[in-house]
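*Asks:* with the input below, show me the fold.
(one chain, ligands or ions: 2)
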Amino acid sequence: MHHFMDRTTCGLSTTLWTARFCGQAPHIWTTRLWPDPSAGTGHCGQKSSLADLDMNNISHWADGMAMLDHLPSNPLQEPARLAWSAMLNRYSHFQIATWGSLLVHEVAYFTICLPGFLAQFIPALRKYKIQSSKTETWQGQWHCLQLLLFSHFFVQLPMIACTYHGAELLGLNYSWETMPNWWVLLAQCAGCAVVEDTWHYFLHRLLHHPRLYRHVHKIHHHYTAPFGLQAEYAHPVETITLGFGFFLGLLLFASHMALLWAWVLCRLVETIDVHSGYDWPWNPLHLLPGYAGSRYHDFHHENFVGNYSSTFIWWDWLFGTDGAYREKQKLIQKGMNKKCK
Ligand SMILES: [Zn+2]
Ligand SMILES: [Zn+2]
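*Replies:* Numbers count the residues shown, from 1 in each chain. Ligands and ions are numbered 1, 2, ... in the order given. Okay, here's the model as predicted:
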């Protein structure tokens with residue numbers, strides 16, 4: 001973690017704040033961030049020495065750092081370190097990569113699905129349902145859960161087991177000390193999302209080809225009004241081929257096992273959100289530039305055409321495959337404006 005900071009972070013104040021967030025004592029970072037006069041090289045790789053620095057600035061930074069000592073440390077840092085160390089002591093890398101990843105996936109999947117599942121029982125939330133005339137049925141959800149569990153254990157679990165061997169080939173690290181900071185993991189997840197979205201757009205579009213559609217992708221379109229649990233409801237061929245996009249980003253960015261789990265969480269949050277069937281007005285995911293969202297993917301399920309991307313809008317915009325959706329949105333907006341007049 002520390003050496004990564006040395007390589008990438010040039011903003012002193014940002015580093016100190018995030019160091020505090022991560023529960024690191026500021027003095028550890030100051031010894032790294034202040035250039036060593038004897039070494040002659042700063043943490044950004046530039047030639048520097050203490051003599052070059054303005055003494056007033058040094059005094060201000062020292063005051064700032066003294067203030068940081070009074071901020072509370074991240075209370076989760078130490079329990080997380082102990083839990084991670086206990087896991088490494090108790091289980092092999094194969095067990096962590098395979099059974100650990102399965103556990104992360106299962107717990108995350110059903111936990112993230114829970115709010116959308118509960119929303120169907122709360123009449124006050126009905127106004128946020130995109131296709132409000134099509135309510136979920138017990139029979140439909142039970143059928144979905146059965147295929148989903150089959151897919152998780154008989155299709156995805158072997159894929160996860162292969163991931164372990166891939167991680168070994170790539171030499172991924174498991175230790176706490178080499179784990180990237182949370183903002184590095186988040187940036188890597190964003191990179192994985194861009195790569196996955198590109199793969200998803202072109203392959204998804206191909207799966208809609210009339211010769212292929214009824215053999216593979218039709219299963220995912222069984223539900224015209226999607227709900228969260230249905231996010232991974234798909235033919236095994238689709239799970240493997242579209243799922244390959246999930247691993248592409250890891251090939252580019254992964255240096256630590258933690259990214260696999262962080263990316264699993266990010267990807268599940270995104271795909272369950274776009275399949276939720278609800279357009280929540282306070283959804284923070286819409287703060288992401290170019291985020292497509294549930295209304296975008298709901299249109300795809302309702303109409304079987306256009307909006308092929310998984311996460312972002314730019315590929316559909318670039319190739320004009322979002323035309324029908326944009327037209328519909330314009331009509332809805334016109335209707336709303338008329339009502340207001
Ligand atoms: Zn489709
Ligand atoms: Zn879908």
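*Asks:* contacts and neighbour counts: CA atoms only from here.
*Replies:* Noted.
*Asks:* so what's the residue sitting nearest the centre point of the chain up against?
*Replies:* By C-alpha atoms, centre = their mean, the chain has its centre lying nearest to C266, at 1.9 Å. For C266, the contact set (C-alpha atoms under 8 Å, 6 or more residues apart in numbering) comprises C189.
*Asks:* look at it and give its secondary structure.
*Replies:* helix (DSSP: H, G, I helix; E, B strand; the rest coil).
*Asks:* quick one: it from L331, how far?
*Replies:* C266 sits 33 Å away from L331, going by C-alpha to C-alpha, to the nearest Å.
*Asks:* one more: V104?
*Replies:* Distance, V104 to L331, by C-alpha to C-alpha: 42 Å.
*Asks:* more neighbours: which of those two?
*Replies:* Counted by other C-alpha atoms under 10 Å, V104 and L331 do not tie: V104 has more neighbours, with 14 against 11.
*Asks:* name the element that one belongs to?
*Replies:* Element membership of V104, judged by DSSP states H and E, is helix 101-119.
*Asks:* one more: S132?
*Replies:* Assignment of secondary structure by DSSP H and E places S132 within no helix or strand.
*Asks:* and what about the closest residue to it other than its chain neighbours, helix, strand or coil?
*Replies:* Leaving aside its sequence neighbours, S132 sits nearest to R126 (C-alpha to C-alpha, 6 or more residues apart in numbering; 6.9 Å). Counting by three-state DSSP, the backbone at R126 sits in helix.
*Asks:* R126 is in contact with Q120, isn't it?
*Replies:* Yes - if you go by C-alpha atoms under 8 Å, R126 and Q120 touch, sitting 7.3 Å apart.
*Asks:* find the residues that touch each one of these two.
*Replies:* Listed as contacting both R126 and Q120 by C-alpha under 8 Å, 6+ apart is no residue at all.
*Asks:* so where's the chain uncertain?
*Replies:* Low-confidence segments of the chain (pLDDT under 70): 1-72, 339-341.
*Asks:* so Q156, which of the three states?
*Replies:* helix.
*Asks:* check the burial of it by counting its neighbours.
*Replies:* Neighbours of Q156 (other C-alpha under 10 Å): 19.
*Asks:* ok, the one 10 residues further on next?
*Replies:* Neighbouring residues of G166 were enumerated by other C-alpha under 10 Å; the total is 14.
*Asks:* and the gap between it and W99?
*Replies:* According to C-alpha to C-alpha, G166 and W99 sit 15 Å apart.
*Asks:* domain parsing for this protein?
*Replies:* As assigned by automatic domain parsing, the chain contains the domains 2-68, 81-340.
*Asks:* looking at the ones you listed, which one is packed in the most?
*Replies:* Of these, the one with the most neighbours on average (mean count of other C-alpha atoms under 10 Å) is domain 81-340, at a mean of 17.
*Asks:* next one: that one to chain centre, how far?
*Replies:* How far domain 81-340 lies from its chain's middle: 9 Å, per C-alpha atoms, centre = their mean, to the nearest Å.
*Asks:* contacts for the helix or strand hosting F247?
*Replies:* Per DSSP H and E, F247 falls inside helix 236-253. Here helix 236-253 makes contact (C-alpha under 8 Å, 6+ apart) with 151, 155-156, 159, 170, 188, 191-193, 195-197, 199-200, 203-204, 216-217, 232, 259-260.
*Asks:* one more: stretch 111-127?
*Replies:* Stretch 111-127 has contacts (C-alpha under 8 Å, 6+ apart) with 132, 135-136, 227-229, 268-269, 272, 276, 278.
*Asks:* okay, those residues in CSV with secondary structure and distance to L248 next?
*Replies:* As requested, the contacts of stretch 111-127 are exported to CSV (DSSP: H, G, I helix; E, B strand; the rest coil; distance: C-alpha to C-alpha, whole Å):
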residue, secondary structure, distance to L248
S132, coil, 37
T135, coil, 36
E136, coil, 34
F227, coil, 27
G228, helix, 24
L229, helix, 24
L268, helix, 16
V269, helix, 19
I272, helix, 20
S276, coil, 25
Y278, strand, 29
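*Asks:* would you point out the most distant pair within the residues you listed?
*Replies:* Using C-alpha to C-alpha, the contacts of stretch 111-127 span at most 23.9 Å, a distance reached by S132 and L268.
*Asks:* isn't L145 up against L229?
*Replies:* Yes - counting by C-alpha under 8 Å, L145 touches L229, with 7.2 Å between them.
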